[in-house]
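# sequence first, predicted model second:
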Amino acid sequence: MGPDLTVLTVNAAVVALVHTAIGPDHYLPFIVLAKSRNWSLAKTAWITFACGVGHVASSVILGMVGYAVGASLHRLEWIESVRGGIAAWCLIGFGTLYAAWGLWRLQRNSPDGHSHDHLIRLHAYDHVHNPRTGEEVSMTPWILFIIFAFGPCEPLIPLFIYPAATSGWTGAWIVAVTFSIVTIGAMLAIVLAAQAGLAWLPTRRFARYSHVIAGSTIALAGGAIQVLGL
């Protein structure tokens, strides 16, 4: 590995760490959903890892295809920007629906037992039934994966294209793998540390509002990405 590629690789690691840390969409959805749905550390880790892989893989594939067909860096960055906007709105929509579903649960479990038909329909989006066993299968992890797979890693594209042009595919892969490992590792570290920390906090009095809080937090995270461009 030449000195230029070494500098690019170190730079990719630093950018990945900062990009993940300042982007609440990289960890807040997993933290609040793990708390509201009582996920174990292992389940949270697997879901976070899978979403992280989908998140970075989509940008790596776009960079590979773009470089192979000779697409300009400006065009690739524009595509990533459009994808980022759509992913942010998906987070906003998902969070809003999830919060509404949480409100329906609160209303359904209220002392008077009153519920509203238009809120009952929201329950259907949360799960599907296994056709063989009839058991409920939560759709939440799959929805998260789709959103994260569609969401871009904007800094990765220029970090991928430059070494591809100067050091060939080997250099591009080294930078891309380094960026991916640091991004996913930072996501896991932040999410699991937060989940372990929340387990020690006295949050029982807010437990019945956990789904509403989770959905609202996810929607706000998507809004922050859309407005601030984090």
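Yep, it's here. Values in this document were obtained by computation on a predicted structure and should not be read as measured data. Numbering: from 1, shown residues only.
# distance check, residue 98 against residue 52.
With the distance defined as Cβ to Cβ, to the nearest Å, residue 98 ends up 20 Å from residue 52. In short, each C-beta sits where N, CA and C put it, glycine included.
# what is the burial count for the closest residue to residue 141 other than its chain neighbours?
Leaving aside its chain neighbours, residue 141 sits nearest to residue 47 (4.9 Å; criterion: Cβ to Cβ, 6 or more residues apart in numbering). A count of nearby residues for residue 47, using other Cβ atoms under 10 Å, gives 22.
# in contact with residue 47, which residues are there?
Residue 47 makes contacts with 30, 39, 141, 144, 145, as judged by Cβ atoms under 8 Å, 6 or more residues apart in numbering.
# just give me how far the longest helix anywhere in the chain sits from the chain centre.
Ranked by residue count, the top helix of the chain under DSSP state H comes out as helix 156-198. Distance of helix 156-198 from the chain centroid (Cα atoms, centre = their mean, to the nearest Å) equals 15 Å.
# not counting whatever helix or strand comes next after it itself, show me its contacts.
Once the chain leaves helix 156-198, the next helix or strand it forms, by DSSP states H and E, is helix 210-228. Helix 210-228 is contacted by residues 23-25, 28-29, 32-33, 35-36, 84-85, 87-103, 105-106, 203, 206, 230 when judged by Cβ under 8 Å, 6+ apart.
# run through the chain and note the low-pLDDT ranges.
1-3, 71, 109-137, 167, 202-207, 229-230 (pLDDT under 70).
# tell me which residue is most central in it.
residue 148 (4.4 Å; Cα atoms, centre = their mean).
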